[in-house]
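**Q** Sequence plus the predicted model coming up.
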Amino acid sequence: MEYVNTSLFQQVLDLVEQMSFEDQATLTELLSHRLTEARRADIARNAAVTLQAIRNREAKRGSMQIWKIDVK
């Protein structure tokens, strides 16, 4: 985990603890959805870069067995 400003982080936690249980649950759900969407976007970017590398013949498709042979 990257360095986190613990003072700010603690302030956020303190604020969340002051929220109702329902609001905390809603916040948790919202954060979970946002993290999921961010991860999906990251995967999509990686896939686009990989496909472009294949089109540019900078990478090729293959299995792990083929990759292990190429690495040797």
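**A** In hand now; what should we look at? Numbering: from 1, shown residues only.
**Q** where does this protein have low pLDDT?
**A** Applying pLDDT under 70 to the chain flags the ranges 1-4.
**Q** now do 90
**A** Along the chain, the model assigns pLDDT under 90 to residues 1-6, 9, 59-72.
**Q** following the longest helix along the chain, which helix or strand shows up next?
**A** Determined from DSSP state H, the single longest helix within the chain is helix 21-55. Following helix 21-55 in sequence order, the next helix or strand is helix 64-71 (DSSP states H and E).
**Q** What are the contacting residues of that next one?
**A** Helix 64-71 has contacts (C-beta atoms under 8 Å, 6 or more residues apart in numbering) with G62. For the C-beta atoms, the positions are set from N, CA and C on the backbone; glycine is no exception.
**Q** Just the C-alphas of it, formatted as CSV.
**A** Taking C-alpha atoms only, helix 64-71 is exported to CSV below (Å, rounded to 0.1, in the frame of the first residue of the first chain):
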residue,chain,number,x,y,z
MET,A,64,2.1,-20.3,-21.5
GLN,A,65,4.0,-23.3,-22.9
ILE,A,66,5.0,-21.3,-26.0
TRP,A,67,5.9,-18.3,-23.8
LYS,A,68,8.2,-20.5,-21.6
ILE,A,69,9.9,-21.8,-24.7
ASP,A,70,10.4,-18.2,-26.0
VAL,A,71,11.8,-17.0,-22.7
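**Q** from now on call the first residue 4
**A** All right, first residue 4 from here; so that's helix 67-74.
**Q** For it, which residues meet the burial criterion?
**A** For helix 67-74, the neighbour count (16 or more other C-beta atoms under 10 Å) marks no residue as buried.
**Q** So what's the residue count around A62?
**A** Look at A62: counted by other C-beta atoms under 10 Å, it has 13 neighbours.
**Q** Do I have it right that it meets V52?
**A** No - between A62 and V52 there is no contact under C-beta atoms under 8 Å: 9.4 Å.
**Q** chain center to the longest helix of the chain: distance?
**A** 6 Å (C-alpha atoms, centre = their mean, to the nearest Å).
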